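Asker: Everything below, folded, please.
(4 chains)
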Protein chains: 2
Amino acid sequence: MPRGRPKEFVREEALAAALGTFWEHGYAATGLADLTESMGIGRQSLYDTFGDKRALFMEALAAYCDRQAEMVGEMLSGDDPPGQRLARFLDSWVELLSSELVHGCMVVNSIGDFAASDDVEMLDAVKGHIARIEGLFARVIQQAIDSGEIDVGLSAREVTRTVMAAADGIVTRARIEDVRPKARDVSRSLKRLLGL
Amino acid sequence: MPRGRPKEFVREEALAAALGTFWEHGYAATGLADLTESMGIGRQSLYDTFGDKRALFMEALAAYCDRQAEMVGEMLSGDDPPGQRLARFLDSWVELLSSELVHGCMVVNSIGDFAASDDVEMLDAVKGHIARIEGLFARVIQQAIDSGEIDVGLSAREVTRTVMAAADGIVTRARIEDVRPKARDVSRSLKRLLGL
DNA sequence: ACATTTTTGGATCGCACAATCCAGAACAGG
DNA sequence: CCTGTTCTGGATTGTGCGATCCAAAAATGT
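Answerer: Numbering: from 1, shown residues only, chains lettered A, B, ... in the order given. Predicted coordinates for the structure are as follows:
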């Protein structure tokens, strides 16, 4: 155990709290007061532990992406054939919009937060996170095409980009309205498109 | 002609310039200096003519929506059957992403700019603009279903929401990368979905 | 000439924000 | 007891912003 007075908070928990606040309000709209309140720590502790606001955000965004990748990876995994796993995902991801994604996808939200900025490092991080999630879908879709489950004259790239675009559109709108009815319609349409 | 010194700028032109700046950088990231520079007028003239920054933005957003509605309306009109008009739109809207929509759709961008704010009036305006554009697609799609051109066991509502979601996703990503290849793939997939 | 209106640009106000500094108290181990 | 670290909270700094005020100049009609 280190010398002096022990920290009164767990780093991961404080980071998770910051994640939630950034997720809900975005980067610029989140003030230091919002962060210290939701994290339950003082300004000094925040700067000592995480650096500054921007560094804290980048770390939170990376944690979000890890969590999202794990969740999507689980939903797309299983013993049944890849096409059925994708169909299952399309059926059940509507539930995510009721709980996890009520404030949209933090990565997609970050596009708007930094698109007009000159923070190339942040933008590269955002693009990387997007590519990572997209890769999970591309893999399953490619498998479903290889196995013949999906056979509609479309490449895996075309299908993946369509699914991702629709998902991005839904989570964008999720920020200002209840999109679950829309998401159900889109999921049904996409399954029809893919013959699932 | 009114009494004193005549205005040295045309209101519509100044508004169009403000529209472009807001469109490119978003609401918060656009400073008064950016506006006066792009509009070519002084602060005083701006406040006298448009009120304040927020009022100027609302007017610019409404003008954007008018223009967008007119453009989409034209692209979806013609003498050929509605299904073909929709297919034509899906083919040619990629060009819009090369010129008009390089910085995304101003309405969709505004979602992120005001989702976390408590400006309900602005949010209602955004929602109204979205509904207006969506109505244009819903009408054509309904016609194509009534005429039997589209017959894939999906309702007009389901198809419309899917097309809009995909489009929203594409224009969101357009802010940080060239999405024309993606848009081509998505358009091809959607046409396949609709049997066009 | 005169009145009216707009333009221009500087100066200023008020506010919110991130970030830093500081001093005192709290808590641990040596 | 002493030392090192953290927590607390107030005070402060610096910056950028929207917005307003002001005064002088410019351009029109009466």
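Asker: switch to C-alpha atoms for all contacts and neighbour counts from now on
Answerer: Will do.
Asker: At which residues are the strands of chain A located?
Answerer: Here chain A has no strands by DSSP state E.
Asker: Could you pick out the residues of it near chain B for me?
Answerer: A:24-26, A:29, A:109, A:111-113, A:115-116, A:123, A:154, A:157-159, A:161-170, A:172-173, A:175-176, A:182, A:185-186, A:188-190, A:192-193 (CA under 8 Å from any CA of the partner chain).
Asker: Drop anything exposed from those residues.
Answerer: For these, a burial check counting by 16 or more other CA atoms under 10 Å in any protein chain shown picks out A:24-26, A:29, A:109, A:111-113, A:115-116, A:123, A:154, A:157-159, A:161-170, A:172-173, A:175-176, A:182, A:185-186, A:188-190, A:193.
Asker: From the residues of chain A next to chain B, pick out the ones that also neighbour DNA strand C.
Answerer: residue A:29 (CA under 7 Å from any atom of the strand).
Asker: rewinding a little: where helices are concerned, which of the buried ones among the residues of chain A next to chain B count?
Answerer: Counting by DSSP state H, these place A:24-25, A:109, A:111-113, A:123, A:157-159, A:161-170, A:172-173, A:182, A:185-186, A:188-190, A:193 in helices.
Asker: Contact partners for the closest residue to residue A:143 other than its chain neighbours?
Answerer: Nearest residue to residue A:143 in three dimensions, chain neighbours excluded: residue A:82, at 6.2 Å (CA to CA, 6 or more residues apart in numbering or on different chains). By CA atoms under 8 Å, 6 or more residues apart in numbering or on different chains, the residues touching residue A:82 are A:76, A:140-141, A:143-144.
Asker: And for residue A:44, the neighbour number?
Answerer: 10 (other CA atoms under 10 Å in any protein chain shown).
Asker: before we move on, what about residue A:58?
Answerer: Residue A:58: 16 surrounding residues under other CA under 10 Å.
Asker: residues touching it, list them.
Answerer: residue A:122 are the contacts of residue A:58 under CA under 8 Å, 6+ apart.
Asker: ditto for the one 3 residues further on
Answerer: By CA under 8 Å, 6+ apart, the contact set of residue A:61 is A:19, A:106-107.
Asker: Save the residues you listed as CSV, and put in pLDDT and neighbour count too.
Answerer: As requested, the contacts of residue A:61 are exported to CSV (pLDDT from 0 to 100; neighbours: other CA atoms under 10 Å in any protein chain shown):
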residue, pLDDT, neighbour count
A:19, 98, 25
A:106, 98, 25
A:107, 98, 22
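Asker: Tell me the residues on chain A that lie near DNA strand D, please.
Answerer: Proximity of chain A to DNA strand D (CA under 7 Å from any atom of the strand) is limited to residues A:2-9, A:41-45.
Asker: 6 Å - rerun?
Answerer: A:3-9, A:41-42, A:44-45 (CA under 6 Å from any atom of the strand).
Asker: Among the residues you listed, which lie within helices?
Answerer: A:44-45.
Asker: burial measure for residue A:181, as a count.
Answerer: Counted with other CA under 10 Å, the neighbours of residue A:181 add up to 12.
Asker: okay, it: pLDDT?
Answerer: Here, the pLDDT recorded for residue A:181 equals 97.
Asker: Enumerate every residue touching it.
Answerer: Residue A:181 neighbours (CA under 8 Å, 6+ apart): none.
Asker: Look up how far residue B:134 lies from it.
Answerer: 15 Å (CA to CA, to the nearest Å).
Asker: Kindly report the same for residue A:20.
Answerer: Residue A:20 is 31 Å from residue B:134, by CA to CA.
Asker: go on, residue A:94?
Answerer: Counting by CA to CA, the gap from residue A:94 to residue B:134 is 21 Å.
Asker: And the residue lying closest to residue A:84 once chain neighbours are set aside, how far from residue B:40?
Answerer: Counting by CA to CA, 6+ apart, the nearest residue to residue A:84 once its immediate chain neighbours are dropped is residue A:196, at 7.3 Å. According to CA to CA, residue A:196 stands 56 Å off from residue B:40.
Asker: For residue A:152, give me the backbone phi and psi.
Answerer: Residue A:152 has phi and psi values of phi -130, psi 20 when expressed as degrees, to the nearest 10.
Asker: closest to residue A:54 among the contacts of residue A:61?
Answerer: Nearest to residue A:54 among the contacts of residue A:61: residue A:19, at 12.2 Å, using CA to CA.
Asker: how near is the closest one to residue A:53?
Answerer: Distance from residue A:19 to residue A:53, by CA to CA: 12 Å.
Asker: who touches the residue nearest to residue A:84 in this structure?
Answerer: A:83-84, A:87, A:149-150.
Asker: Redo those as CSV? Include neighbour count.
Answerer: Below are these laid out as CSV (neighbours: other CA atoms under 10 Å in any protein chain shown):
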residue, neighbour count
A:83, 24
A:84, 16
A:87, 18
A:149, 17
A:150, 22
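Asker: quick check, nearest of these to DNA strand C?
Answerer: Nearest to DNA strand C, judged by CA to the nearest atom of the strand, of those is residue A:87 at 41.3 Å.
Asker: Show me which residues of chain A sit near DNA strand C.
Answerer: A:1, A:3-6, A:30-32, A:43-44, A:52-53.
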